[in-house]
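*Asks:* got a predicted model here, sequence first, then my questions.
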Amino acid sequence: MKKGFPQVAGAIDGTHIKIFAPQKDAQDYFNRKWSFSVVLQALVDADGKFMNTFVGMPGSVHDARVFNLSALSKKLQEHTLFTPNNVVEIEGSAVPLLILGDAAYPLLPNLIRPFIGRGCLNRSERMFNYKHSATRMTVEKAFGRLKGRWRILLKENEHELDNIRPIVQTCCTLHNICEISNSFYNPSWNEGVELDSSTETVCRQPPTESAKTIRESLVMHLNTRQ
């Protein structure tokens, strides 16, 4: 990834795909923004291409639970997401290839989230959060360009729930083709595109000690290279 953050192979986030209220279990799909949706979880690379997608969880489900139910979570736990998974030593810690997520995601040895609590963070932690955010912005940009190009994802989708997943995944594949071929993207297509990850609540899953150690090593590394 870019912005000088070491060992980062991708950034993860979730976004809502609007739907009409389904006939069954409609309340499960009613999200925090007072609309009905399913969740698209995506892992993107430094160029904003989708590396992994997981679509279809009800809109009321927290990003952390969506992540824990996804195949991506299992691959991270088993260290099989990246092959080879090159490990480097950073400030005394063995750091594997990493993905970055916001505060909605758990802190794991290979999934790094920012520090929480703006008022009680020291200078080094604030600097870490700034560089973390600057690097992770690539996933929000990818969602914006995805919805800007394929505007079916902006309106309430009329398809049956079973058809939503292949429609969204097809749009993700087409997005990648456009990005790889450097297809024209008109900035005016951003009109009406609303990114919705910033209001997500914090994941309360306790971090592992190894995860905290790796993040502290990254803090030291980033603050010695300002």
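*Replies:* Cool, got the structure.
*Asks:* helix or strand: which one has Ala11?
*Replies:* strand 8-18 (DSSP states H and E).
*Asks:* buried ones in the helix or strand just after that strand?
*Replies:* Note on strand 8-18: by DSSP H and E, the next helix or strand toward the C-terminus is strand 37-44. Across strand 37-44, burial judged by 16 or more other Cβ atoms under 10 Å covers Ser37, Val38, Val39, Leu40, Gln41, Ala42, Leu43, Val44. Every residue, glycine included, has its C-beta placed from N, CA and C.
*Asks:* so which of those residues comes closest to Ala64?
*Replies:* Gln41 (10.6 Å; Cβ to Cβ).
*Asks:* returning to that earlier point: tell me what the strand holding Ala11 is packed against?
*Replies:* Helices and strands touching strand 8-18, by 3 or more Cβ pairs under 8 Å, 6 or more residues apart in numbering; DSSP states H and E, are strand 37-44, strand 50-58, helix 63-69, strand 98-100, helix 123-149.
*Asks:* rewinding a little: please produce CSV containing the buried residues of strand 37-44, extended by distance to Gly192 and pLDDT.
*Replies:* CSV is the format used below for these (distance: Cβ to Cβ, whole Å; pLDDT from 0 to 100):
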residue, distance to Gly192, pLDDT
Ser37, 16, 95
Val38, 19, 96
Val39, 20, 96
Leu40, 17, 97
Gln41, 22, 97
Ala42, 20, 98
Leu43, 25, 98
Val44, 21, 98
